[in-house]
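# with the input below, show me the fold.
(chains A, B, C and D)
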Number of protein chains: 2
Amino acid sequence: MAKETRTYSISELAQEFGVTTRTIRHYEDMRLLLPERQGQRRIYSLADRIKLKLIVRGKRIGLSLQESGELIHMYEPGKSNVNQLERMVEYIGASRQKLSRQLRDISTMLDELNRAETGCKNELEILRKAAKQK
Amino acid sequence: MAKETRTYSISELAQEFGVTTRTIRHYEDMRLLLPERQGQRRIYSLADRIKLKLIVRGKRIGLSLQESGELIHMYEPGKSNVNQLERMVEYIGASRQKLSRQLRDISTMLDELNRAETGCKNELEILRKAAKQK
DNA sequence: ATTGCAGTTTACGTTAACGTAAGTTATATT
DNA sequence: AATATAACTTACGTTAACGTAAACTGCAAT
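As a prediction, this is how the structure comes out:
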């Protein structure tokens, strides 16, 4: 097997995801990331990159770092005892409910935006026709 | 026509939307709401209620008060000159893009949650079967 | 040898979105 | 008339999520 050993520097990731290095370090302070070290320097793995991606996506849909953190930790439980797994399933259910709610909210908003846009465009039509009849 | 003059007190609205009165007053400080007054007391109209609903929904999907404010102000432009309307259409387009993005993000997350859940449940199955074979 | 990056730590600053507390006022009820 | 209740204003406090600045380190190229 070829070793999948692609790694990233902090600024590479910052660049790719459009955040600052400070932000990435902050996520580490919040225990969302725990990159390896080469001396002082942080070395990010593919797994770290994926976690960061989750965080950034989470932010876009309004998740707090805490919430993203919980989701991330779910993906690497390590300890798979029954109790732990059951709590995970519960948490997943709750998350899904919240997200479904968001889906509905967003759809509603999109609908309203569409109606608003149609209204605007109609008004524009009228105003422009009126202007032609100088 | 029967006058649609239903009004609301601040605590009625707070109750209905599950926020504190302080929060509602804060939205006023941020110029998102401008209720009538009866002496000192704030009197909220149906229109105010709808605005509050928009804000609360906006919060759920991660909009800032600023953004919700902009959306709200769009729904009551009052001044319908061509320039204004064109800017509105632009803003609507941008909002729609952002929301569409969120829709995709959320769908992706839901997919991942589903897969994670299936994984969990499978593991649970296995663990429980193993337990039975005591 | 020095200049210049890229990265690091430490620490204080900032903004948004309220929370919380203190003291005041108005209306309604006993 | 006294008390309760709901609302009000003013103002300082808090939390999350970074920004920003200062001072240090290690390696690379001139």
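
# what parts of chain A come near DNA strand D?
For chain A, the residues in contact with DNA strand D (CB under 7 Å from any atom of the strand) are A:19-20, A:22-23, A:26, A:30, A:39-40, A:59, A:64-66. Placement of C-beta: from N, CA and C, glycine included.

# if we use 6 Å, what do you get?
Proximity of chain A to DNA strand D (CB under 6 Å from any atom of the strand) is limited to residues A:20, A:22-23, A:26, A:39, A:59, A:64-66.

# how about the residue most central in space within chain A, secondary structure?
In chain A, the C-alpha nearest the mean C-alpha coordinate belongs to residue A:57, at 1.4 Å (CA atoms, centre = their mean). Taken by DSSP: H, G, I helix; E, B strand; the rest coil, the conformation at residue A:57 corresponds to helix.

# contact partners for it?
B:105, B:108-109 (CB atoms under 8 Å, 6 or more residues apart in numbering or on different chains).

# 10 Å instead, please
By CB atoms under 10 Å, 6 or more residues apart in numbering or on different chains, the contact list for residue A:57 reads A:17, A:63, A:68, A:71, B:101-102, B:104-106, B:108-109, B:112.

# which of those residues are buried, as a ChimeraX select command?
Per 16 or more other CB atoms under 10 Å in any protein chain shown, the buried members of those correspond to this ChimeraX selection:
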select /A:63,68,71 /B:102,105,106,109,112
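
# quick one on the thing from earlier: nearest to residue A:49, of the residues of chain A next to DNA strand D?
residue A:23 (14.6 Å; CB to CB).

# so which residues of chain A form strands?
With DSSP state E as the criterion, chain A has strands at A:36-38, A:41-43.

# if we can go back for a sec, for residue A:5, see how far away the residue nearest to the centre of chain A is.
Applying CB to CB, to the nearest Å, the value for residue A:57 to residue A:5 is 25 Å.

# also residue A:111?
In this structure, residue A:111 and residue A:5 are 48 Å apart, going by CB to CB.
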